[in-house]
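K.L.:
quick one: sequence and predicted model below, then my questions.
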Amino acid sequence: MKIAIQKLLQYLTYYIDRFWRAAIFITLSIPFFFSIIVIPFVIRNRKTEDLSERHTKIWFKLIFKIFGIKLKIIRENEEKSEEKEREIETKPESKKNKNSENKSQKFLIYANHISFLDIPSIILAFEDKKIKFLAKEEVLKIPLIGWGMAIQKHPVIRKSRKIDSIIKVISLIKDENQNIDAICIFPEGTRGDPQRDIRKLLPFEEGVGFIAEKLKIQIVPVAIIGTHKVYPPGAIIPRSGEIKLVIGKKIDDINDLLEGQQDKDKNSGEKTQDQKAKKRKEITQKLYDILGKILERFYFD
């Protein structure tokens with residue numbers, strides 16, 4: 001009897017705690033709804049777009065704080081095979097630290113996709129960077145999430161105009177007038193079946209190699225671990241827990257991954273168009289292998 005009462009009290013304590021956390025979060029989120037969505041929708045200009053992005057970061061921090069989500073960043077050491085781990089700072093970095101970085105160097109982030117919390121995790125990990133996320137057309141139909149992405153002008157891949165959409169993404173990152181530090185893509189294209197083995201990647205979408213090749217900018221692989229446990233499919237509010245975000249070694253030149261493949265292609269006698277298609281498939285596979293190995297190395301149950 002005592003054991004049953006203790007279990008009942010534990011359940012009651014857990015759900016009461018969840019209820020109050022959710023209530024506090026909803027109450028504090030109301031003003032953010034206006035600054036992130038309503039005001040930028042009514043007054044559409046660069047200032048309100050920037051306001052929406054700034055307040056989105058603050059709102060994501062609020063989610064992590066209220067629900068007890070711990071975000072850890074692991075950076076692969078580029079000089080040694082060791083890993084350096086640190087906990088993400090919840091306060092913005094000082095202007096001095098921001099100015100010390102080379103803001104002019106744009107880069108491409110590509111990551112695995114297992115939860116709705118993947119985007120907040122990347123935004124908070126690269127807090128001082130202005131990142132645009134490549135989204136599918138269907139995402140825009142999701143209430144709140146889709147509205148925010150449309151207002152902040154994140155690039156969209158449309159099925160009916162896939163090539164044109166990809167070309168616009170490439171133009172966006174190359175445009176010096178755009179205040180953008182990075183583009184983030186989820187090459188799997190979907191979070192997939194909730195029952196999937198999230199330690200293994202789904203096949204990458206076509207066009208990933210094309211984007212990577214055409215952008216000619218630094219590429220940063222990112223492995224996301226644990227967001228599916230903190231915010232599993234079907235959950236209404238997040239759970240407390242830990243998320244690990246592994247930032248892999250930067251790829252400065254995509255051609256370095258091909259290891260002489262281009263010379264082989266020149267001597268193969270294939271048509272130029274076939275060589276380009278083959279090269280892009282090779283790039284896609286190399287990127288897949290790199291991210292897959294990071295997941296294998298750092299994933300913890």
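P.N.:
On my side now, so go ahead.

K.L.:
tell me who's in contact with the residue nearest to residue 159 when sequence neighbours are not counted.
P.N.:
Nearest residue to residue 159, sequence neighbours excluded (C-beta to C-beta, 6 or more residues apart in numbering): residue 137, at 6.3 Å. C-beta: built from backbone N, CA, C; applies to glycine. Going by C-beta atoms under 8 Å, 6 or more residues apart in numbering, residue 137 touches 156, 157, 158, 159.

K.L.:
quick one, helices of this protein?
P.N.:
Using DSSP state H, the helices of the chain run over residues 2-33, 39-42, 46-66, 95-100, 118-125, 145-151, 162-174, 208-215, 227-230, 261-266, 272-298.

K.L.:
the contacts of residue 137 into CSV, with extra columns for pLDDT, distance to residue 113 and neighbour count?
P.N.:
Below are these laid out as CSV (pLDDT from 0 to 100; distance: C-beta to C-beta, whole Å; neighbours: other C-beta atoms under 10 Å):
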residue, pLDDT, distance to residue 113, neighbour count
156, 87, 16, 20
157, 84, 14, 22
158, 81, 19, 12
159, 74, 18, 9
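
K.L.:
make JSON lines out of those residues and add distance to residue 107.
P.N.:
Output for the contacts of residue 137, formatted as JSON lines (distance: C-beta to C-beta, whole Å):
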{"residue": "156", "distance to residue 107": "21"}
{"residue": "157", "distance to residue 107": "20"}
{"residue": "158", "distance to residue 107": "25"}
{"residue": "159", "distance to residue 107": "27"}
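
K.L.:
out of those, which are inside strands?
P.N.:
Applying DSSP state E to the contacts of residue 137, the entries found in strands are 156, 157.

K.L.:
biggest separation within the contacts of residue 137, which pair?
P.N.:
Maximum pairwise distance among the contacts of residue 137 (C-beta to C-beta): 10.4 Å, between 156 and 159.

K.L.:
any regions of this protein where pLDDT drops low?
P.N.:
77-104, 194, 259-271, 300-301 (pLDDT under 70).

K.L.:
and with 80 instead?
P.N.:
1-2, 4, 6, 77-104, 159-164, 174-178, 192-196, 206, 256-273, 299-301 (pLDDT under 80).

K.L.:
how many neighbours does residue 237 have?
P.N.:
Number of residues near residue 237 (other C-beta atoms under 10 Å) recorded here: 14.

K.L.:
pretty sure it contacts residue 66?
P.N.:
No. Using C-beta atoms under 8 Å, residue 237 makes no contact with residue 66, being 9.4 Å away.

K.L.:
overlap in contacts, those two.
P.N.:
Common neighbours of residue 237 and residue 66 (C-beta under 8 Å, 6+ apart) are 21, 25.

K.L.:
coming back round to it: mind putting the helices of the chain into a markdown table with distance to residue 107 and mean neighbour count?
P.N.:
What follows is those, written out as a markdown table (distance: least, C-beta to C-beta, whole Å; neighbours: other C-beta atoms under 10 Å):
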| stretch | distance to residue 107 | mean neighbour count |
| --- | --- | --- |
| helix 2-33 | 28 | 11 |
| helix 39-42 | 26 | 16 |
| helix 46-66 | 18 | 17 |
| helix 95-100 | 16 | 10 |
| helix 118-125 | 12 | 22 |
| helix 145-151 | 20 | 18 |
| helix 162-174 | 9 | 15 |
| helix 208-215 | 9 | 21 |
| helix 227-230 | 22 | 21 |
| helix 261-266 | 23 | 13 |
| helix 272-298 | 14 | 16 |
